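Novice: below is the structure, and that's it, no one-letter string:
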Ligand SMILES: [Zn+2]
């Protein structure tokens, strides 16, 4: 087989790591990568930064696998329509979210839904203890940005399932609305390294 078309486990390449912010060596191997909505796809040939472990590339040979996973997901969950909802947030918080996406070279810096999804994914992977801490943080968060007027309208496209999850999280954090939850998640994204790593992967894999 023409090895220049296929990547084998252990193959090392130079790649740009958006986390290390420089050219690094990365090693290919099979592993799990998330689709944009968090659905994990197993057995994908992908390169991981040798220094920090971030996902830096997926091999072309895995594209059919990822496509198939998207198809399967869509067939399995036909009821899972995308629901568009608008949320009001302070303009300065919108600036932060846009800046975060811009820095990660997201093609569309208005995709604030990706920040919320990244936060949810890091929470889904957390231990019970760390999840509890995160919910407490959401509940008790004090930040001057939350005092600002909510004068910016954001459209969020989430699946029904994700809205349900957010509603549950809102109740657990004892917050008055999902809008308030979304605002607090966006504020916490500034400080949450794990969630930022998830965001990096979402931006890389989703576009
Ligand atoms: Zn790195």
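Specialist: Thanks, I have it. Quick caveat, the model's predicted, so the values are computed rather than measured.
Novice: surely residue 51 touches residue 24?
Specialist: Yes. In this structure residue 51 lies within contact range of residue 24 using CB atoms under 8 Å: 5.4 Å. From N, CA and C alone the C-beta is placed, and that goes for glycine too.
Novice: what does the chain put close to the ion?
Specialist: 17, 19-20, 49, 51-52, 54 (CB under 5 Å from the ion).
Novice: tell me, how many residues neighbour residue 7?
Specialist: If you count neighbours by other CB atoms under 10 Å, residue 7 ends up with 20.
Novice: show me the contacts for the residue lying closest to it once chain neighbours are set aside.
Specialist: The spatially closest residue to residue 7, leaving aside those adjacent along the chain, is residue 59, at 4.1 Å (CB to CB, 6 or more residues apart in numbering). Neighbouring residues of residue 59 by CB atoms under 8 Å, 6 or more residues apart in numbering: 6-7, 28, 44-47.
Novice: how does it look with 10 Å?
Specialist: 5-8, 11, 13, 28, 30, 44-47 (CB atoms under 10 Å, 6 or more residues apart in numbering).
Novice: next one, pLDDT for it please.
Specialist: For residue 59, the pLDDT comes out at 90.
Novice: quick check: can you list the domain ranges of the chain?
Specialist: The record assigns the chain these domain ranges, following automatic domain parsing: 12-76, 82-206.
Novice: in contact with the nearest residue in space to residue 9 that is not next to it in sequence, which residues?
Specialist: Excluding its sequence neighbours, the residue lying closest to residue 9 (CB to CB, 6+ apart) is residue 29, at 4.6 Å. Residues in contact with residue 29 (CB under 10 Å, 6+ apart) are 7-11, 44-48.
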